[in-house]
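> here are the coordinates; sequence isn't available:
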């Protein structure tokens, strides 16, 4: 059975263009012209994915996303003419799965739709690789790090190391465990590699929040510690 996509978009030209290309790609498509209709159509149409504009009449995209997330984990891709980082962070915090800025290439959007759907397994459990803490978002789906709502450049291994530690808060990992888990069993470096990456992460994360910290456990290793 074809996958179903709900487009919540008040610009008729954009909505019809999206419908044309998505139907050509094999999707079943339904369009809602405002936020209130979008919520109603979500219940009726039961889509496999929602393309959701932010600037909508009646109810904006934030309200629609919040309402959908109260009952469903169906993938949501936000569409917006705004490019500010804050919009993306807000969308991610509300549970959106991806974010694309208008004007966009149709080919890129369809590729993102397929990528998001691949992360949604057969049981309907969305395998989101994203962690949110106070003033911190670690998004491994896009390999992006946000601190105080601003994107901060971080190499892939720093991202993987931070995500691994923060995925198990308060658990202590030895340097060798981190080498095995993050770099792999076939890595021939030594434990100083971990120390260097921790040092660089600390430079980025210093004084970001009083609610968590990247802590050294002397003689053992490191942990992502949550404060009481």
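In hand now; what should we look at? These figures come from a predicted structure and were not determined experimentally.
> Low-confidence ranges, the chain, go.
Within the chain, the set of residues satisfying pLDDT under 70 comprises 82-88, 121-128, 185-190.
> Show me the strands in it, by range?
For the chain, applying DSSP state E gives strands covering 4-8, 28-32, 49-53, 76-80, 98-101, 130-133, 136-139, 144-147, 150-152, 173-174, 212-217, 221-226.
> Just put the ones you listed in TSV and tack on distance to residue 22.
From N, CA and C alone the C-beta is placed, and that goes for glycine too. TSV is the format used below for the strands of the chain (distance: least, C-beta to C-beta, whole Å):
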stretch	distance to residue 22
strand 4-8	6
strand 28-32	5
strand 49-53	9
strand 76-80	12
strand 98-101	14
strand 130-133	25
strand 136-139	25
strand 144-147	26
strand 150-152	29
strand 173-174	44
strand 212-217	41
strand 221-226	40
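> and residue 162, which of those strands is closest to it?
strand 136-139 (5.8 Å; C-beta to C-beta).
> What strands flank that closest one, and is each parallel or antiparallel?
strand 130-133 (antiparallel), strand 144-147 (antiparallel) (DSSP bridges).
> With mean neighbour count and distance to residue 28 added, can I get these in a markdown table?
Output for the strands paired with strand 136-139, formatted as a markdown table (neighbours: other C-beta atoms under 10 Å; distance: least, C-beta to C-beta, whole Å):
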| stretch | mean neighbour count | distance to residue 28 |
| --- | --- | --- |
| strand 130-133 | 16 | 28 |
| strand 144-147 | 19 | 31 |
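> mind listing what residue 62 touches?
54, 90-91, 94 (C-beta atoms under 8 Å, 6 or more residues apart in numbering).
> can you do 10 Å?
35, 52, 54, 56, 78, 87, 90-91, 94, 96 (C-beta atoms under 10 Å, 6 or more residues apart in numbering).
> on that earlier part again, between the strands paired with strand 136-139, which gets nearest to residue 177?
Per C-beta to C-beta, nearest to residue 177 of these: strand 130-133, 18.9 Å.
> Can you give the distance of that closest one from its chain's centre?
Distance, stretch centre to chain centre, for strand 130-133: 9 Å (C-alpha atoms, centre = their mean, to the nearest Å).
> who wins for most neighbours among the contacts of residue 62?
residue 52 (28 neighbours; other C-beta atoms under 10 Å).
> From residue 103, how far off is that one?
Separation of residue 52 from residue 103 (C-beta to C-beta, to the nearest Å): 17 Å.
> Equivalent analysis for residue 23, please.
From residue 23 to residue 103 the distance is 21 Å (C-beta to C-beta).
> Those two: which has the busier surroundings?
Using other C-beta under 10 Å as the criterion, residue 23 and residue 103 rank with residue 23 on top: 13 against 7.
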